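Peer 1: Take this sequence and fold it.
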Amino acid sequence: MREQLQELLEQRVLQCVSMPRNLLHECPAIEKKKQSCSRRSAEIVKAKAKGRIEKKMEGKETVKVMYDVHFQYLIKLKGHFYMEEEVEKRQAEFYKGVLVKDEKLKESEPVVEVDASMPVFAEESSQNRAGYQYDRLKAVQYAERWWNDFNPAYKKFEVDCTNYISQCLHTGGAPMRGYPNRSNGWWMQNNNWSFSWTVANAMRWYLPASKLGLRAREVSSAEELKLGDVICYDFQGDGRFDHTTIVTGHDANGMPLVNAHTYNSRMRYWAYEDSTAYTPNIKYRFFTINDDQ
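Peer 2: As a prediction, the model looks like this:
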């Protein structure tokens, strides 16, 4: 099984750079990434892939294998190069020892713990007022350090995208406040946390509503975002936001590149057009983090 999966990954790497490939195992996700690059005149010039089996489920004649693949893409745009990385979660199926199916698992972000469809606001009080200056460099450094790992100082979630972004913002100096009311403020403390800390839809509403501490101003376009700023994603366009990322770089066109968790990725093009969760109805919200002084 390992040999067949290794051969499959080798075919995927060849497909990334438009070299001859086995059409039987052509990967739609890679074609979507190549098309996304092409639309902005970028090109994948080199790729690497390394797989790791996470789980086996054995039946009478079939075996299903859950595995992760760490992809690295060297991307060229206007003579400039940068490295994008992502970890795909995939499932392969073998029948009598022969690979018959392989697919990337969907990148959807289910809302957990609570129906967070309503805005989460912060209670304002003078005792909470503590000015801070957002350190964008520290936030980005943290995002880079932990993009494909989990800081043991924080609780780990299966759906971890917003928890990861909250950690980045807190490292940048944003103060926690609101404990112990989970529906107010933004905090993680004593093995408990606010909805705005961990739920994408709650963070989307909290950022522009907060008047002190962590707060943000919504801007109209992605190119207005700076390092350490935040993008919220509503993949279905139904008003419920599913995903959160942090800006960690810009490409040669000045467009944001982002880091994220759950489907761990770094320096990924902000629009997520190559994501399995992407739909034509996708909506974005762009937030630039404000200092509170």
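
Peer 1: where do the strands sit along this structure?
Peer 2: For the chain, applying DSSP state E gives strands covering 42-58, 62-77, 80-95, 98-104, 188-189, 192-193, 216-219, 230-234, 243-250, 256-260, 265-269, 283-289.

Peer 1: I'd like the average pLDDT over the longest one.
Peer 2: If I follow you right, that is strand 42-58. What strand 42-58 shows for mean pLDDT is 96.

Peer 1: could you list every residue that touches Ser166?
Peer 2: 186, 188, 196-198, 203 (CB atoms under 8 Å, 6 or more residues apart in numbering). C-beta: built from backbone N, CA, C; applies to glycine.

Peer 1: quick one: pLDDT of it?
Peer 2: For Ser166, pLDDT reads 98.

Peer 1: confidence score at the residue nearest to the spatial centre of the chain?
Peer 2: Compute the mean C-alpha point of the chain, and by CA atoms, centre = their mean the closest residue is Ala260, 2.6 Å away. The score at Ala260 is 98. That number is its pLDDT.

Peer 1: what about the nearest residue to it once chain neighbours are set aside, how many neighbours?
Peer 2: The shortest distance from Ala260 to any non-neighbouring residue, by CB to CB, 6 or more residues apart in numbering, is to Thr245 (4.4 Å). Counted with other CB atoms under 10 Å, residues neighbouring Thr245 total 27.

Peer 1: just checking, Thr245 touches Gly228?
Peer 2: No: counting by CB atoms under 8 Å, Thr245 stays clear of Gly228, with 11.6 Å between them.

Peer 1: Check which residues of stretch 180-188 are buried.
Peer 2: By neighbour count on 16 or more other CB atoms under 10 Å, the buried set for stretch 180-188 is 182-188.

Peer 1: same question, stretch 45-60
Peer 2: Applying 16+ other CB under 10 Å to stretch 45-60 flags 47, 49, 51 as buried.

Peer 1: Could you check the pLDDT of the nearest residue to the last one once chain neighbours are set aside?
Peer 2: Of all residues beyond its chain neighbours, the one nearest Gly51 is Val69 (4.8 Å), with distances taken as CB to CB, 6+ apart. Confidence at Val69, expressed as pLDDT, is 96.

Peer 1: what's near enough to touch Lys56?
Peer 2: 63-66.

Peer 1: My error: substitute Ala29 in the last question.
Peer 2: Shown in contact with Ala29 (CB under 8 Å, 6+ apart): 88, 104, 274, 276.

Peer 1: what's the answer for Tyr82, then?
Peer 2: Going by CB under 8 Å, 6+ apart, Tyr82 touches 74-75, 249, 251, 257, 267.

Peer 1: try it again with 10 Å
Peer 2: Counting by CB atoms under 10 Å, 6 or more residues apart in numbering, Tyr82 touches 42, 73-76, 249-252, 257, 267.
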